[in-house]
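Asks: Sequence plus the predicted model coming up.
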Amino acid sequence: MRLDKLIANAGLASRSEISKAVRGGRVTVNGTPAKTPALQVDPDKDNIVYCGKSVNYREHIYIMLNKPEGYVSATEDKNAPVVTDLLLPADGARVHPCGRLDKYTLGMMVLTDDGEMSHRLLAPARHVPKTYRYRCESPLSESDKERLCEGVHIEGGYLTKPCEMRLLTEFEGEITLHEGKYHQIKQMFGAVGNKITYLERITFGPLVLDSALDRGEWRYLTDDEIALLAEAAK
Ligand code: URA
């Protein structure tokens, strides 16, 4: 494969940055400065170093982001910043959010360029569970909780699938969904005469939001986390 494609795939830089680095002699292949970004290299055999960093080939990238409020879960939007703006430009141009969070919902987002994996994780038949921490405006009773867990009617008369809840107080708790309808939790609380005032996603399938990530921070998934996601997508 082409040298610049391999380095761009590793999320280290954009193609134009790589071209500049090649011209400046800052990209080596097996210890020799590369003459052109179009050089054909073998990711399994060649030792490639970009600006002093050893490059590991990855076919896909997988990112965990702690979404701050005010960002749209998309790759572009006319009126507001989007979650991919928070990433390195080369990664941001490549990945898409795996599922959506509302503009004012915070927390766990997975972004990837692995469209097949995203599709499998969110397909209705095996939609991975997602847990949210919420706060609501009015006290939530045990009978409201039961109604929410059994299913309530939302927009278009849709009956939500059974879900799990853990009440921490009358005003806050956790809710785990196995599907993802538009504004689902807000709509569900609306259906029992309540209102969500805070919403943060804390898990996505087998993955838990990394508490070391501040709002707006991100990191690549580890190999173990990628393997867990792949297993969940089977
Ligand atoms: N439910 C909502 O209402 N909003 C989200 O962002 C996610 C689930």
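Replies: Yep, it's here. Numbers count the residues shown, from 1 in each chain.
Asks: Check the secondary structure at residue 65 for me.
Replies: Classification of residue 65 using DSSP: H, G, I helix; E, B strand; the rest coil returns strand.
Asks: ok, it - contacts?
Replies: Residues in contact with residue 65 (C-beta atoms under 8 Å, 6 or more residues apart in numbering) are 83, 86-87, 108-111, 213, 217-218. Placement of C-beta: from N, CA and C, glycine included.
Asks: tell me how far stretch 149-159 is from the chain's mean position?
Replies: Its chain's C-alpha centre and that of stretch 149-159 lie 26 Å apart, by C-alpha atoms, centre = their mean, to the nearest Å.
Asks: buried stuff in it?
Replies: 152, 154 (16 or more other C-beta atoms under 10 Å).
Asks: for the residue of the chain positioned farthest from its centre, which residues make a bridge with it?
Replies: Largest separation from the mean C-alpha position in the chain: residue 32, at 37.3 Å (C-alpha atoms, centre = their mean). Listed by DSSP bridges, the beta-bridge partners for residue 32 are residue 29.
Asks: Next, work out how far apart residue 233 and the ligand are.
Replies: Per C-beta to the nearest ligand atom, to the nearest Å, residue 233 is found 20 Å from the ligand.
Asks: The nearest residue to that residue once chain neighbours are set aside: what's it in contact with?
Replies: For residue 233, ignoring the flanking residues on the chain, the nearest one in space by C-beta to C-beta, 6 or more residues apart in numbering is residue 120 at 3.9 Å. When contacts are counted by C-beta under 8 Å, 6+ apart, residue 120 touches 126, 233-234.
Asks: repeat for residue 186
Replies: 102, 195-196, 199.
Asks: Could you pull up phi and psi at it?
Replies: phi -60, psi -40 (degrees, to the nearest 10).
Asks: next one: residue 16
Replies: According to degrees, to the nearest 10, residue 16 has phi -70, psi -40.
Asks: do you know how far the residue most central in space within the chain is from residue 201?
Replies: Note on the chain: the residue nearest the mean C-alpha position is residue 110, at 1.5 Å, using C-alpha atoms, centre = their mean. In this view, residue 110 and residue 201 are 10 Å apart by C-beta to C-beta, to the nearest Å.
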